[in-house]
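In: Predicted structure and sequence below. I'll ask about it afterward.
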4 protein chains.
Amino acid sequence: MSEVPFSNADSATLRSEETRKQIVDAAAHLLSVQGMAATRLIDVVEYTQMQPAVTYYHFASFGDLVEEVLYCGITEMRNHVEKRLDALPPDTPPVDRLMVAVETHLRRELELSDYGSAWIRNAGHIPGGMTRRLKKEEAAYGRIWRNLFNDAIAGGAIAPGLDVWMARRLMLGAMNSATEWWDPRRGSVDTLVATTQLLIRSCLPSSA
Amino acid sequence: MSEVPFSNADSATLRSEETRKQIVDAAAHLLSVQGMAATRLIDVVEYTQMQPAVTYYHFASFGDLVEEVLYCGITEMRNHVEKRLDALPPDTPPVDRLMVAVETHLRRELELSDYGSAWIRNAGHIPGGMTRRLKKEEAAYGRIWRNLFNDAIAGGAIAPGLDVWMARRLMLGAMNSATEWWDPRRGSVDTLVATTQLLIRSCLPSSA
Amino acid sequence: MSEVPFSNADSATLRSEETRKQIVDAAAHLLSVQGMAATRLIDVVEYTQMQPAVTYYHFASFGDLVEEVLYCGITEMRNHVEKRLDALPPDTPPVDRLMVAVETHLRRELELSDYGSAWIRNAGHIPGGMTRRLKKEEAAYGRIWRNLFNDAIAGGAIAPGLDVWMARRLMLGAMNSATEWWDPRRGSVDTLVATTQLLIRSCLPSSA
Amino acid sequence: MSEVPFSNADSATLRSEETRKQIVDAAAHLLSVQGMAATRLIDVVEYTQMQPAVTYYHFASFGDLVEEVLYCGITEMRNHVEKRLDALPPDTPPVDRLMVAVETHLRRELELSDYGSAWIRNAGHIPGGMTRRLKKEEAAYGRIWRNLFNDAIAGGAIAPGLDVWMARRLMLGAMNSATEWWDPRRGSVDTLVATTQLLIRSCLPSSA
DNA sequence: AATGAATGAGTTTTCATTCAT
DNA sequence: CATGAATGAAAACTCATTCAT
């Protein structure tokens, strides 16, 4: 007969999406906590209390599931940073914009999402190298930071001998390293954000 | 050098030691290049053109071999940094001592030893967690840096809101991140050393 | 044609029959081309752009589907050969009747039906052995050939040492082998029919 | 010390070869009896009372094991036929040579070797198509028969409408079909050989 | 001291089948 | 009737480890 109101015809699709999400979430969690070397398909399905075969309904292989997690990690991170930056008043000074990005990146990496830290911790450990879409997405995120830094140092005098590309990498490396050592018992994320912002600020020529 | 005549027992020992070294070297190389997730016992012995069984003459398990590599990595790193610092004139200013440590750490990590980068890249990815001697050695190395930083900032005014422990971690994280992104084609280690030193210097209160 | 108005029940039945036919046709095609070892349920439904579950509305199991294909293959073959023979004038000489059967068998096997070749190629490869109805149908078809050959050699002198049963099997084997090697680019079916007829004729005692 | 007399230094190698042979033999047996569709790796290892993993010491995959069986089948068959032909007196008439080949092929296919029948029964059912070496070997065997037939019909008058290539295929098809239907209870191999030889002889133009 | 061979306990993967809608 | 989703049982395959020599 006619469709029951409010009953979604796509309920099967929704169920499926939910199942898929559970799997990816579990994988993201384990990858962010244990890293790739210690995360097997079996760990993921045990964590979700499902059957191994479910995975293969949604992904062609375990490797594909991992790739999906990392892809979501970098994409999500980029989207959030972009959104926060776009929401700023147009006249926000470049350095302030950079500080906002630093805060967003750190909070996401540590507090808000297993995907972010899964990406950061495992990006350099992908067995067969990165897929094309991972490379592309990473490059896009990298461009955001390049622009942020370039704007922030524009007009300032770069110290002789300093390589701007390396400097940017070092600062991002500093932020990302927090996934390995940050411990809520040793200090809040707020403190970490403040500290990181202070350090990065002090490295900018405009600070002189 | 050449083999000692009339000393079969010793030559056997030497051969054995050499074999062992080849295995550990190979493991260090692969761990530093591919990371733990992609490095299996089979890869290591294939790299040395040996048989899996050789490993078990020298190590109780594959895990032990990996642990040995990481232990060598951290130990070697500490020894070199200590030696360089000890060789400095006693009246070297603290900041200069820190700069020397930075240079030593970076050169070892990137140029001189697979062990150093094997350690740095995989420290956070050990399946069962660190062994006691790894923890101990890491703590010892950490103390060196704590002292270096403390001496360097002594007397200076710490910015309010800055957490010194975190700041130190961030700076070490920056240095260690180079294993993931450093590419000789984008700049020499000399440049990297200079850039890192400049950045760290600019973060120190004494620079004000 | 167009759908019958006011006859939903029938159109549904028709649709259902059509679906069933699509599946069996696809299975027949794949079995005749690839053989049983390479044909899975998944291949069949993918070929029809359907879902695995459809199969289970029409068949109790994948094995039943395969059996159905083979059963259709042998039945169809027998029916066609019988029809052609029945259509011959009653006074057709036995050898000519045999030649007609040879032509009918070959054309069906190679040109007209995936079912025929599916049967021929896979009859000896059924995992659990033949079902009863397959055995029965095969025996019935075999009887036709036995009679054809018996009539054709009746009155002729059988060479000493020749086993008639084996000779018949060999000739049928020759014909059936064409499914494995016949290639339209190496010669037409017409040529194949002519060649086969010539060979079989030359084996008959009446040819002397 | 010195090597123990009569103790083979390659005993390990011999053992290995023996194990490998057991596996291939078992696979050949099952393939010849059940065909590819019904033969799984697990069946082979169960038959040999070994562990699945042994297979992977000797073969990269189950597919490779199957390929090896088929390759041995065709190679072995060719070698035996060639040897028998080479041992004939140089002045043996071509038709007699052909008869010897027929006998050798049939006996090997039915009595002497699982490899021969494994090849014949499964050649047309290889999932991914034939490997290069299989094709090559098959072509070489085919050339032997082409020459045998060509020599046997040389000088005779080929019936108009008869395709020699097809005729040869049909006769080989007849012989190979015996793997599917031959049953020792219905007649000895001797009888089969005699019958086949008679039929093929009667097809040759020289018989006229 | 070294190694070729083998193995067991796992892992990933497959696939016919079922279920809920 | 049809189907998207899920599943269990079993398959192929992996790999650190051991054994016999």
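Out: It's in. Residues are numbered from 1 along each chain as shown, chains lettered A, B, ... in the order given.
In: Contact partners for the residue nearest the centre of chain A?
Out: Centroid-nearest residue in chain A, with CA atoms, centre = their mean: A:G116, separated by 2.9 Å. If a contact means CB atoms under 8 Å, 6 or more residues apart in numbering or on different chains, then A:G116 has A:S32, A:G73, A:E76, A:M77, A:R108, A:E109 as its contacts. Bear in mind the C-beta positions are built from the backbone N, C-alpha and C, glycine included.
In: List the contacts of the last one.
Out: Residues touching A:E109, when contacts are defined by CB under 8 Å, 6+ apart, comprise A:M77, A:G116, A:S117, A:I120, A:M175, A:N176, A:A178, A:T179.
In: got it, and the fourth one?
Out: A:M77 sits next to A:H105, A:R108, A:E109, A:S113, A:Y115, A:G116, A:W119, A:Y141 when contact means CB under 8 Å, 6+ apart.
In: Spatially nearest residue to the last one (excluding sequence neighbours)?
Out: If I follow you right, that is A:Y141. Leaving out its chain neighbours, the residue that sits closest to A:Y141 by CB to CB, 6 or more residues apart in numbering or on different chains is A:R78, at 4.4 Å.
In: residue ranges of the strands in chain A, please?
Out: Remark: no strands are assigned in chain A by DSSP state E.
In: so where's chain A shaky on pLDDT?
Out: Across chain A, the ranges flagged by pLDDT under 70 are A:1-13, A:206-208.
In: At the contact with DNA strand E, which residues of it appear?
Out: A:11-12, A:40-42, A:52-53, A:55-56, A:60-63 (CB under 7 Å from any atom of the strand).
In: most surrounded residue in the residues you listed?
Out: Tallying neighbours with other CB atoms under 10 Å in any protein chain shown puts A:T55 at the head of these, with 22 neighbours.
In: Can you name the residues that contact that one?
Out: Applying CB under 8 Å, 6+ apart, we find A:T55 in contact with A:I23, A:L41, A:V44, A:V45, A:F62, A:L65.
In: Go again with 10 Å.
Out: By CB atoms under 10 Å, 6 or more residues apart in numbering or on different chains, the residues touching A:T55 are A:T19, A:R20, A:I23, A:A27, A:L41, A:V44, A:V45, A:T48, A:S61, A:F62, A:D64, A:L65.
In: Now the residues you listed in a markdown table, please, with extra columns for distance to C:R168.
Out: Shown next, in a markdown table, are the contacts of A:T55 (distance: CB to CB, whole Å):
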| residue | distance to C:R168 |
| --- | --- |
| A:T19 | 59 |
| A:R20 | 60 |
| A:I23 | 60 |
| A:A27 | 63 |
| A:L41 | 56 |
| A:V44 | 61 |
| A:V45 | 58 |
| A:T48 | 62 |
| A:S61 | 52 |
| A:F62 | 56 |
| A:D64 | 56 |
| A:L65 | 59 |
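In: From the residues you listed, keep the buried residues only.
Out: Buried members of the contacts of A:T55, scored by 16 or more other CB atoms under 10 Å in any protein chain shown, are A:T19, A:R20, A:I23, A:A27, A:L41, A:V44, A:V45, A:T48, A:F62, A:L65.
In: Of those, which is the nearest to DNA strand F?
Out: Minimum distance to DNA strand F across those is 3.2 Å, recorded for A:T19 (CB to the nearest atom of the strand).
In: wait, isn't the residue nearest to A:Y141 in contact with A:I144?
Out: Yes - contact criterion CB atoms under 10 Å: A:R78 and A:I144 qualify, at 6.8 Å.
In: between these two, what contacts are shared?
Out: Counting by CB under 10 Å, 6+ apart, the contacts common to A:R78 and A:I144 are A:H105.
In: Setting the sequence-adjacent residues aside, check what's closest to A:A154.
Out: The nearest residue in space to A:A154 (CB to CB, 6+ apart) is A:P94, at 6.9 Å.
In: residue contacts, that neighbour?
Out: A:P94 neighbours (CB under 10 Å, 6+ apart): A:N147, A:L148, A:F149, A:N150, A:D151, A:A152, A:I153, A:A154, A:G155, A:L204, A:S206.
In: Now, of these, which are buried?
Out: So, by 16+ other CB under 10 Å, the buried ones in the contacts of A:P94 are A:L148, A:F149, A:A152, A:I153, A:L204.
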